[in-house]
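Student: Model the following, please.
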Amino acid sequence: IERSRMSSRSCTIVAMLSVVLSLSRSTSHAFQAARLGTRAALPAVASWNIPHAPSRGVALFSTTSSSLTQEEKASLEAQIKSKGDEIRELKANGASKDEVAPFVEQLLKLKAELEPPQEKKEKPKQQQQQNKKQQNKKKQPDQQQDEEESDFITARSVDYSKWYNDIIRVTGLAEQSPVRGCMVIKPWGMSIWDRLRNELDQKIQKHGAQNAYFPVLIPKSFLSKEAEHVDGFAKECAVVTHHRLTASEDGSELIADPEAELEDPLIIRPTSETMIWYTFRKWIQSYRDLPLKINQWANVMRWEMRTRPFLRTSEFLWQEGHTAHATAEGARDDAQAMLVNYASVCENFLAIPVVQGVKSPSERFAGAEDTYTIEALMQNGWALQSGTSHFLGQSFGKAFDVSYTDETGKLQTVWGTSWGVSTRLIGALIMTHSDDAGLVLPPKVAPTQIVLVTIPPKKKDGEEAVIAMQTAVTKLVDALESQGLRVHLDDRDYVRNGAKYFEWERKGVPLRIELGPRDLNNNVCVFKYRATDMAEEKQTIDLAEAATTAAAGLQELQDKLFATAQERLQQGIRVVKSADEMSYQEMKEALENDVASGYPGQGLYLVPWNCNAENEAQIKDDCQATIRCYPLAENEAKMYEGQKCFYSGEDATHMALFGRAF
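Tutor: The predicted model follows:
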C-alpha cells in the first residue's frame, strides 16, 4: 500500500513538473515571438501531453467543451437525449427512486463531459445576502434541539418575538408538532384554555345559546353557495380528495388510491357557517323556532403560510356561535351583545383591556354586513384582534334557503349572526402581562393560583416535628380551598426549594406560600406574589389569617394587572382630534420600520378618517398599518364631525384606529 501511495505521489509530481516545463517553454516562446513581432501564441492547454496522474481531489486543469469536435458534441448530445428519454419512461412506468438512480448518474456523467464544471463565479452581494438569510433559517438539528431544551428567556428589549416564543417553550404551554403550522398544546397551556373555555361557556349559555357539534368535513359545493364567503376562505382551505390509501405498485409507500377519488371533495372546516346554515334549513320552519342560537366548541383548519404559536396557526381551537333571527334588529342586537360578553371576559377574567369597535368594509368577515371586534394592545405596541362578532344580514339565509312562516302566514328569510374567539386569547394573555422572568397569569385564569412549598423538618427534630408540619399543611390547604382558591402542594423531596421557586415563577403562578419549621414555630407563613409592586418583597402572614389574606391579595393582584395594562393601552394610543395635529407622513415614518420584534414599539393612532378602500389599501402598502376598527365610543360621540381626513383631506366620516397588528 505504501509503495502504491509513493508511486501515486511520484506520478503527480511528474505531471506538475511537465506542466511547469511546458508553461516555461511556452512563455519563452511567446516572449521571443513578441520581440520578433510575430503572432505566435501559447499552445492550447488541452493539447499538452500531460502524463496521467491519479486524482488527488483537485484537478490541475480541466478540458473545456471547446476542445470537443462537432462530431463528439453531437454524439454526447444524442446520448444525453436518449438517456433522458430512458429515465422519463422508467418514471412513467412507476419505477422506484433506487431503480432510476443509476440512470440519473449516467446522465450526469454525460452532461459533465459535454459541459465540465466551470470556475465558480462570484455571486452578486444581494444574492449572497439572500442565500445567507435562507441558510440561517435552516437550523441544524442539534442547534434546534439545544434551543428546544434551553431554559433561557430572551429579554423583550432584545427581541420581542423571540421572547414570546421562549415564554411558550420554557413554561410548557405548547411545542411544535410534526405537522407544519400545527402545535401540541401541553397540559399547562390546555389547562389555561380550559379555564377560559369554562368561563366563556357560562356567558354563552346565559346568552341563550345551546352547545352542539357539527362535522369537521364540509362538502366543497356548500362553500360555493355564498360567493363572498368562498372568496374569503378559498386560499386557506385544506381539501380532502380521496377516501382511501393504497400501497404503490412497488410497495414502497402509501398513495391516494386513484379509484377512491371523491366526486365532491371535502373541505376541512375553516369555519362552520355553511354546514350550520344547511342544518338550520331543516330546523327552522316557523317564527316560533326563532331566535335559534347554537354554539360549537371545535377545532378549525386555515392553511397559514406564516405561523406563530397561539396567534396564527393552521389548526386552532375556538368556539363559534351561529344564530338565526326573525328581524334585522334582533340579529344586530345579538351580535353586539356577544361583543360585550367577549369584552367582559377579556377585561374581568383575563385582565386584558380592549377597544370595542366595528371593522372597516375592507376588514369585514367574508359574507358579513358588519363585523364587530375587540382589539387589545400588546407590550410591543402592536394590536391583536381578540374576538369578533358578525352581523350576516340575510346572505346565508338566502344562500341556503333558510326561511320561516311569520305570524301572518307569509314566508320570510331569516337574519343571521356568527361570533367567535379562539386560543389566540392565550397569546394575548402572554403578551399583555408576562415579563422577562416568565409567564404572568392573572389569578382568575391561573390553573393553580397558589403553590405551597414546604421546608421539611430536619431529622434531628424528630417524628413529632414531621407530624406537626403535615398537620399544619393540611389545615392551611383546607383553609385556602374553603376560600375557593386553587392550591397545589409541591412536596417533591428530590427537588431543591430554589428550583421549585424558579419553576413556579416561570409558570406564572400568582402566589407562592412558603412554610418551614421555623415559620411553624412562630405560627406564620411567607407570601411571595408573582407580579406588580406586590412582588417586590416577601410578606410574613399569620397562619390563622393566611386564607383570607390570600383571597384578598389575589383579587388585588388581578385588579393591578388590569390597571397596568389599561394604562399601557391609554398611553399607547395617540389620539389625533384634527388633521392639523399630525400628518399621515408622521404616522408612516413611525410605523414603516415598526417590527414585531421591537419593544416597546410605536403603538396605535386614532385619527379622523374618510372611509375609502383604495386609500386604506395604499396605507397598508406604504407602512403595513391597517385600520384595526372604528371605535364604538368615539364614533357614537361623533368625534369626527367637522374634521378632515388626515390622509386625503376630505371630510372625515369616522374616527379610525390605525396600527400594526399580529
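
Student: Would you agree S418 falls within a strand?
Tutor: Yes - judged by DSSP: H, G, I helix; E, B strand; the rest coil, S418 forms part of a strand.

Student: Strands of the stretch 201-350 of the chain, start to end?
Tutor: With strands called from DSSP state E, counting those that start in this stretch, the stretch 201-350 of the chain shows them at 210-211, 217-219, 238-242, 245-247, 254-256, 261-268, 292-301, 315-325.

Student: any idea which of those strands is most buried?
Tutor: Highest mean neighbour count of those: strand 315-325, a mean of 22 (counted as mean count of other C-beta atoms under 10 Å). Every C-beta, even on glycine, is put in place using the N, C-alpha and C of the backbone.

Student: on that earlier part again, quick one: closest of the strands of the stretch 201-350 of the chain to V358.
Tutor: Among these, the nearest to V358 by C-beta to C-beta is strand 315-325 (18.0 Å).

Student: in its sheet, what does the closest one sit against?
Tutor: According to DSSP bridges, strand 315-325 has the following sheet partners: strand 292-301 (antiparallel), strand 415-422 (antiparallel).

Student: show me where pLDDT drops low in the stretch 451-600 of the chain?
Tutor: Residues of the stretch 451-600 of the chain meeting the criterion pLDDT under 70: none.

Student: hmm, back to that, could you dump the strands paired with strand 315-325 to a markdown table with mean pLDDT and distance to E641?
Tutor: Listed next are the strands paired with strand 315-325 as a markdown table, based on pLDDT from 0 to 100; distance: least, C-beta to C-beta, whole Å:
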| stretch | mean pLDDT | distance to E641 |
| --- | --- | --- |
| strand 292-301 | 97 | 37 |
| strand 415-422 | 98 | 30 |
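
Student: export the ones you listed to JSON lines and tack on distance to N380?
Tutor: Output for the strands paired with strand 315-325, formatted as JSON lines (distance: least, C-beta to C-beta, whole Å):
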{"stretch": "strand 292-301", "distance to N380": "27"}
{"stretch": "strand 415-422", "distance to N380": "21"}
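
Student: of all these, which lies closest to D166?
Tutor: strand 415-422 (22.5 Å).

Student: Residues in contact with that closest one: which ones?
Tutor: Here strand 415-422 makes contact (C-beta atoms under 8 Å, 6 or more residues apart in numbering) with 200, 271, 273, 277, 316-328, 330-332, 334-335, 338-339, 342, 345, 365, 368, 386-397.

Student: Show me what the following helix or strand past it packs onto, helices and strands only.
Tutor: Counting by DSSP states H and E, the next helix or strand C-terminal to strand 415-422 is helix 424-433. Contacts defined by 3 or more C-beta pairs under 8 Å, 6 or more residues apart in numbering; DSSP states H and E place helix 424-433 against helix 160-170, helix 187-206, strand 383-393, helix 546-572.

Student: Return the most buried member of the ones you listed.
Tutor: strand 383-393 (a mean of 24).

Student: avg pLDDT for it?
Tutor: Across strand 383-393, the average pLDDT comes to 98.

Student: now V451: how far from W609?
Tutor: Taking C-beta to C-beta, to the nearest Å as the measure, V451 falls 49 Å from W609.

Student: One more: M378?
Tutor: Plainly put, M378 is 23 Å away from W609 if you go by C-beta to C-beta.

Student: got it, and A351?
Tutor: Separation of A351 from W609 (C-beta to C-beta) stands at 30 Å.

Student: same thing with E581?
Tutor: As judged by C-beta to C-beta, E581 and W609 stand 14 Å apart.

Student: How about I573?
Tutor: Remark: distance between I573 and W609 (C-beta to C-beta) = 14 Å.

Student: And the two? Which one has more around it.
Tutor: W609 (29 against 18; other C-beta atoms under 10 Å).

Student: can you pull the contacts of that one?
Tutor: 627, 630, 640, 645-647, 652-656.

Student: which of the residues you listed tops the neighbour count?
Tutor: Using other C-beta under 10 Å as the neighbour test, these are led by A656, with 28 neighbours.

Student: Tell me if M582 really is in a strand.
Tutor: No - counting by three-state DSSP, M582 is not part of a strand but coil.

Student: List phi and psi for the closest residue to it other than its chain neighbours.
Tutor: Of all residues not flanking M582 in the chain, V576 sits nearest, at 4.6 Å (C-beta to C-beta, 6 or more residues apart in numbering). Backbone torsions of V576, given as degrees, to the nearest 10, read phi -110, psi 110.

Student: what about V576, distance to Q643?
Tutor: As judged by C-beta to C-beta, V576 and Q643 stand 9 Å apart.

Student: what touches both of the two?
Tutor: Taking C-beta under 8 Å, 6+ apart as the contact rule, V576 and Q643 both touch P608.

Student: Thought P309 was touching M183, still the case?
Tutor: Yes - counting by C-beta atoms under 8 Å, M183 touches P309, with 5.4 Å between them.

Student: Mutual contacts of the two, please.
Tutor: By C-beta under 8 Å, 6+ apart, M183 and P309 have these common neighbours: A174.

Student: Report the spatially closest residue to the residue nearest to the spatial centre of the chain, excluding sequence-adjacent ones.
Tutor: By C-alpha atoms, centre = their mean, the mean C-alpha position of the chain lies nearest to R308, the distance being 1.5 Å. Closest residue in space to R308, ignoring its immediate chain neighbours: F662 at 7.0 Å, by C-beta to C-beta, 6+ apart.

Student: State the number of residues packed around that neighbour.
Tutor: Using other C-beta under 10 Å, F662 is surrounded by 20 other residues.

Student: tell me the contacts of it?
Tutor: Shown in contact with F662 (C-beta under 8 Å, 6+ apart): 308, 311-312, 378, 382-384, 427, 596.

Student: In JSON lines, list the residues you listed along with distance to E464.
Tutor: Below are these laid out as JSON lines (distance: C-beta to C-beta, whole Å):
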{"residue": "R308", "distance to E464": "55"}
{"residue": "L311", "distance to E464": "54"}
{"residue": "R312", "distance to E464": "58"}
{"residue": "M378", "distance to E464": "54"}
{"residue": "W382", "distance to E464": "58"}
{"residue": "A383", "distance to E464": "60"}
{"residue": "L384", "distance to E464": "56"}
{"residue": "G427", "distance to E464": "51"}
{"residue": "A596", "distance to E464": "59"}
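
Student: from the residues you listed, which is closest to D194?
Tutor: The closest of the contacts of F662 to D194 turns out to be G427 (C-beta to C-beta; 16.5 Å).

Student: which stretches of the stretch 51-200 of the chain have low pLDDT?
Tutor: 51-67, 91-94, 96, 116-149.

Student: Could I get the full set of helices for it?
Tutor: 70-92, 97-114, 125-137, 141-149, 160-170, 187-206 (DSSP state H, counting those that start in this stretch).
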